[in-house]
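K.L.:
have a look; sequence and predicted model below, questions after that.
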Amino acid sequence: MCTQLAFYFEQKNCTGCNTCKIACKDKNNLEAGQNFRNVYEVSGGSYIKRGRAVIPKVYAFWISISCNHCIDPACVKACPVKAIKKRKKDGIVYICEDLCIGCRSCIKACPYKAPQYDSSTKKVKKCDFCMDLIDKGKPPVCVAACPMRVLNYGDLNFLKARYGNICKVRGMPEGNATKPALVITPHRDALKK
């Protein structure tokens, strides 16, 4: 029995192709500008001068991120009508759309910008870990669609034991207080310095 589902991201091999983002957008029929999963490029660096030679010392990597289904989700606490819930059986954080009043308190509270306001329904929506697929024993669409197989999911404790306990890398928003259910095998240049 899984007590907390989590995403696993093997960042070091991500090519930034956005297939996970597109698959999610398609499954959830999201409008332009709405994304439950985003892929961000992080790049930078400098150069070293040796005599007349200029040697670049640059880096570039990607972060694929959605709702982290946090252990202590700020969005749940912020919702004044208790429309955001955390499933006991697997820790998935989801929104009961019928209860949502569209106040956007959850959007302000989430450090990862996971909740998205839908102007057509006047409600907030977000990644629900593809609960409908999970309940049928299938993976979330972002995981299934990834051509590089760098996204996966599973029990948080299992993922931590297998891959380590890294859930924060350079370029990610601050959010350690929420205890994100996310495990990352980082790109060599992505570890916080």
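P.N.:
Great, that's in hand.
K.L.:
make it CA atoms for all contacts and neighbour counts henceforth
P.N.:
Noted.
K.L.:
what sits against the nearest residue to Leu156 once chain neighbours are set aside?
P.N.:
Spatial nearest neighbour of Leu156, chain neighbours left out: Ala6 (5.1 Å); criterion: CA to CA, 6 or more residues apart in numbering. Counting by CA atoms under 8 Å, 6 or more residues apart in numbering, Ala6 makes contact with Asn68, His69, Tyr153, Gly154, Asp155, Leu156, Leu159, Ala181, Leu182, Val183.
K.L.:
output the below-cut-off pLDDT ranges for the chain.
P.N.:
Low-confidence segments of the chain, defined by pLDDT under 70, are located at 1-2, 175, 192-193.
K.L.:
which stretches of it form helices?
P.N.:
Counting by DSSP state H, one finds helices in the chain at the ranges 19-27, 74-78, 105-109, 131-134, 141-145, 156-163.
K.L.:
about what we covered before: is the residue nearest to Leu156 bridged to anything, and to what?
P.N.:
Note on Ala6: beta-bridge partners Gly154, judged by DSSP bridges.
K.L.:
and Leu182, by the same measure?
P.N.:
When assigned by DSSP bridges, Leu182 has beta-bridge partners Phe7.
K.L.:
what about it, neighbour count?
P.N.:
Counted with other CA atoms under 10 Å, the burial measure for Leu182 works out to 25 neighbours.
K.L.:
can you check Glu97 too?
P.N.:
The local packing count at Glu97 equals 14, with neighbours defined by other CA under 10 Å.
K.L.:
from Ala53, how far out is it?
P.N.:
60 Å (CA to CA, to the nearest Å).
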